[in-house]
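Q: Take a look and give me a structure for this.
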Amino acid sequence: MEGVKVARTDNDTWEITESVGATALGVAAARAAETESENPLISDPFARVFLDAAGDGMWNWFAAPDLPAEIVEAEPDLKPRMQGMVDYMAARTAFFDQFFLDATRAGVRQVVILAAGLDSRAWRLPWPAGTSVYELDQPRVLEFKSSALRETGAQPKCNLVSVPVDLRHDWPDALRQAGFDASAPSVWSAEGLLPFLPADAQELLFERVQALGADGSRIAVEAPGPDFLDPDAIAKRRETMQRVRDLMAKLEPQRDIPDVQDLWYFEEREDVDAWLRRHGWDVAVTPAEELMARYDRRPPGIEDAAPKTLFVAAQRSE
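A: You can find the predicted model right below:
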C-alpha cells in the first residue's frame, strides 16, 4: 500500500487505499474470498468490484488463491491465520446481515449503517418495500463506493441515502437533514468501528444513538473483546504483524504495509453491553468464537488466529 497514512489525528481523512480506508479493502477482500469459496456462508458479488476498482495492494492477498512461496516458507502460520480471518469476517457479515433482516421483518424501516465503508448490504440484501438505508462515512469513501458500483450498473434494493459525514462531527444533524425520523424505530450497526474511535468519541456515539433511537429500535455492535487492552495480547499481535511486514518489504520494498493496531485507540472504555443495559436496552452478547462455531467456521488451531471480539445485539424496550 503505497503512501499509507498511519498516525491518527482528530480530523484525519483518507482515500480508500489509505489508513482506515485500506482496512475496508481488507474486509472486502475477505468477503470476496468467502464468496468465491466452495461452500460460502455469505454472497457478496460486489466485494470483488471494490478490489478491482482499488487496484493492486496487500488487501488482495486475502482474496488470492496462493500466497508468494517465499512468504509461506518463512511464515507457515500465515495462510491458516488468513483463512481464520476470512472465516471470522464471513461469520461477522452473516451476523449483521441476519440482524438487519430480522429487524426489518419485524417492521423497522429505517436502517443506519455507521462507518459504512465498503458495506454493500443496500445492494445485496432482500429489503422489504419501504426500507430506507442510511450509510454514514467519510465523503471520499462513499464516493469511491458509489463510483465503483455505478460502473456495474447495480441498483440498490432499498431507498439508499448516503450521508457523507465524519462520525466525529455532528452526524445526527446530517442524518436528520437526510430524512431520518427519530420518532420512528430504527436499526443500527457499528461494525469494524469502535477500536478506530477514541473512548470519548465512542461514548458520544452511543449517546447520539440513544437520542435518535425511538422505543423498539435495535443495534448490533462488534465490540472490543476482553483482551483489547492486554499488553501481552497487543505485543503478540504486533510481533506477528511485524514479521509479515518484514517479509513483504523484501518482496515489494516500494510498499508500506501498516499495522492496523497503529490505527486503533487503546483507551479504557465502558463495555458496550454494560452501557446499553444501563440505558434501557435488552442485550445479548455472543463471543466471536461462539459465533464462528454457530456458522461452522472454527478458527484454525493457532493462537489468536481470529479476533476475540464480542458481538452485541440489543433492542430498546418499548
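Q: now stretch 157-164: mean pLDDT?
A: Regarding stretch 157-164, the rounded mean pLDDT is 97.
Q: Might you list the low-confidence residue ranges for the stretch 51-200 of the chain?
A: Within the stretch 51-200 of the chain, the ranges that satisfy pLDDT under 70 run 57-67.
Q: so which strand or helix has residue 135?
A: For residue 135, the element it lies in under DSSP states H and E is strand 132-137.
Q: so the helix of greatest length in the chain versus strand 132-137, what angle?
A: Secondary structure assigned by DSSP state H gives helix 78-105 as the longest helix of the chain. Between the axes of helix 78-105 and strand 132-137, defined by axes from the mean of the first three to the mean of the last three Cα atoms, to 10 degrees, the angle is 140 degrees.
Q: partner strands of the helix or strand just after helix 78-105, parallel or antiparallel?
A: The first helix or strand that comes after helix 78-105 along the chain, using DSSP H and E, is strand 110-114. Strand partners for strand 110-114, identified by DSSP bridges, are recorded as strand 132-137 (parallel), strand 187-190 (parallel).
Q: nearest to residue 236, of those?
A: Between residue 236 and the strands paired with strand 110-114, the shortest gap by Cβ to Cβ is with strand 187-190, which sits at 25.7 Å. (C-beta placed from N, C-alpha, C; glycine too.)
Q: how about the nearest residue to residue 92, chain neighbours excluded?
A: Of all residues not flanking residue 92 in the chain, residue 222 sits nearest, at 6.4 Å (Cβ to Cβ, 6 or more residues apart in numbering).
Q: Which strands border the one helix or strand that neighbour maps to, and is each parallel or antiparallel?
A: Under the criterion of DSSP H and E, residue 222 resides in strand 218-223. Using DSSP bridges, the strands paired with strand 218-223 in its sheet are strand 187-190 (parallel), strand 310-316 (antiparallel).
Q: most packed of the ones you listed?
A: For those, the stretch with the most neighbours on average is strand 187-190, a mean of 24; neighbours defined as mean count of other Cβ atoms under 10 Å.
Q: got the CA positions of that strand in CSV?
A: Once non-C-alpha atoms are left out, strand 187-190 reads as follows in CSV (Å, rounded to 0.1, in the frame of the first residue of the first chain):
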residue,chain,number,x,y,z
VAL,A,187,-32.0,-0.4,13.4
TRP,A,188,-28.3,0.4,13.7
SER,A,189,-24.9,-1.2,13.1
ALA,A,190,-21.4,-0.4,14.4
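Q: Can you name the next helix or strand after that strand?
A: helix 199-212.
Q: Enumerate the strands of the stretch 151-300 of the chain by residue range, in sequence order.
A: When assigned using DSSP state E, counting those that start in this stretch, the strands of the stretch 151-300 of the chain occupy the ranges 159-164, 187-190, 218-223, 281-287.
Q: Columns distance to residue 141 on top of those strands, output as CSV?
A: What follows is those, written out as CSV (distance: least, Cβ to Cβ, whole Å):
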stretch, distance to residue 141
strand 159-164, 8
strand 187-190, 16
strand 218-223, 18
strand 281-287, 28
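Q: Next, format the strands paired with strand 218-223 as CSV and append distance to residue 229.
A: Formatted as CSV, the entries for the strands paired with strand 218-223 read as follows, by distance: least, Cβ to Cβ, whole Å:
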stretch, distance to residue 229
strand 187-190, 19
strand 310-316, 14
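Q: so which of the ones you listed gets nearest residue 247?
A: For the strands paired with strand 218-223, distance to residue 247 was read as Cβ to Cβ. The smallest value, 31.6 Å, belongs to strand 310-316.
Q: quick one on the thing from earlier: identify whichever of the strands of the stretch 151-300 of the chain lies nearest to residue 121.
A: Distances from residue 121 to each of the strands of the stretch 151-300 of the chain were compared using Cβ to Cβ; the shortest belongs to strand 187-190, at 8.8 Å.
Q: how near is residue 238 to residue 82?
A: 17 Å (Cβ to Cβ, to the nearest Å).
Q: Identify whichever of the strands paired with strand 110-114 lies nearest to residue 169.
A: Closest approach to residue 169 among the strands paired with strand 110-114 (Cβ to Cβ): strand 132-137, 10.5 Å.
Q: got the contact list for that closest one?
A: The set of residues external to strand 132-137 that reach it, using Cβ atoms under 8 Å, 6 or more residues apart in numbering, is 109-117, 119, 121-122, 127, 142, 156, 158-165, 167, 171, 174-175, 178-180.
Q: Recalculate using a threshold of 7 Å.
A: 109-117, 119, 122, 142, 158-163, 165, 167, 171, 175, 178-180 (Cβ atoms under 7 Å, 6 or more residues apart in numbering).
Q: of those, buried ones?
A: If you count burial by 16 or more other Cβ atoms under 10 Å, the buried members of the contacts of strand 132-137 come out as 109-117, 119, 122, 142, 158-163, 165, 167, 171, 175, 178, 180.
Q: Once you drop chain neighbours, what's closest to residue 186?
A: In space, residue 186 is closest to residue 110, 4.0 Å off (Cβ to Cβ, 6+ apart).
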